[in-house]
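> got a sequence here, can you model it:
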Amino acid sequence: MGLYYGGVTDAGGAGMSWHEGLSVGDETLDGHHKHLFLLLEQLAVVGRNGDEHTVIERVLAELQGYIGYHFLHEETWMREKGFHFLEDHQSSHQVIRSRVEEIAERYAADHDPAIAEELAVFLTGWLIHHIEIEDFAYK
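Down below sits the predicted model:
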């Protein structure tokens, strides 16, 4: 049996997974969030297959590009909908971008596999907060 964190389920240690309770009411943004959870799930298996370096590098590279894509789309959507807290949301996005960049730089410098766990913990906390607190504000 998995653990339950707010709206996020840990399927028996296999990583967190998206479910309908996390829907923000927009199919495209829900799809983006699902993709971010898939990246998180990839980190959950690091070290099990002996390919941790490849997986961590791939997840970090994809995450850096994908959050930029997601944030741009989300901020554009919010602007079009007249979301009142857009500037605060943009600031939050910048903090997340900076943190992911900092983790990526540290991993590139020393390839410490412990960074995968740090990244997974950060992503889990961010996704929960980002969706259930920040994104639900426009739901």
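
> wait, residue 42 sits on residue 57?
No: using Cβ atoms under 8 Å, residue 42 is not in contact with residue 57, being 11.3 Å away. In short, each C-beta sits where N, CA and C put it, glycine included.

> comparing these two, which shows the higher neighbour count?
Legend: neighbour count by other Cβ atoms under 10 Å for residue 42 and residue 57, higher for residue 42 (18 against 14).

> please, which helix or strand holds that one?
According to DSSP states H and E, residue 42 maps onto helix 27-44.

> what does residue 60 give?
Element membership of residue 60 [criterion: DSSP H and E] is helix 52-81.

> quick check: buried residues in that helix?
Residues 52, 55, 56, 59, 60, 63, 67, 70, 71, 74, 75, 78 are the ones in helix 52-81 that count as buried (16 or more other Cβ atoms under 10 Å).

> following element in sequence after that helix, please.
helix 86-110.

> contacts for that following helix?
When contacts are defined by Cβ atoms under 8 Å, 6 or more residues apart in numbering, helix 86-110 is touched by residues 56-57, 60-61, 63-64, 67-68, 71, 74-75, 78-79, 83, 112, 115, 118-119, 122, 126, 130, 134.

> dump whichever helix or strand comes after it to CSV, restricted to CA.
Downstream of helix 86-110, the next assigned helix or strand under DSSP H and E is helix 114-129. C-alpha atoms of helix 114-129 as CSV (Å, rounded to 0.1, in the frame of the first residue of the first chain):
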residue,chain,number,x,y,z
ALA,A,114,22.5,11.6,-3.8
ILE,A,115,21.4,14.6,-5.8
ALA,A,116,18.7,12.4,-7.4
GLU,A,117,17.0,12.0,-4.0
GLU,A,118,17.4,15.7,-3.3
LEU,A,119,15.8,16.5,-6.6
ALA,A,120,13.0,14.0,-6.0
VAL,A,121,12.2,15.5,-2.6
PHE,A,122,12.3,19.0,-4.1
LEU,A,123,10.0,18.0,-7.0
THR,A,124,7.6,16.2,-4.8
GLY,A,125,7.2,19.2,-2.5
TRP,A,126,7.1,21.6,-5.3
LEU,A,127,4.5,19.7,-7.3
ILE,A,128,2.2,19.3,-4.3
HIS,A,129,2.5,23.0,-3.4
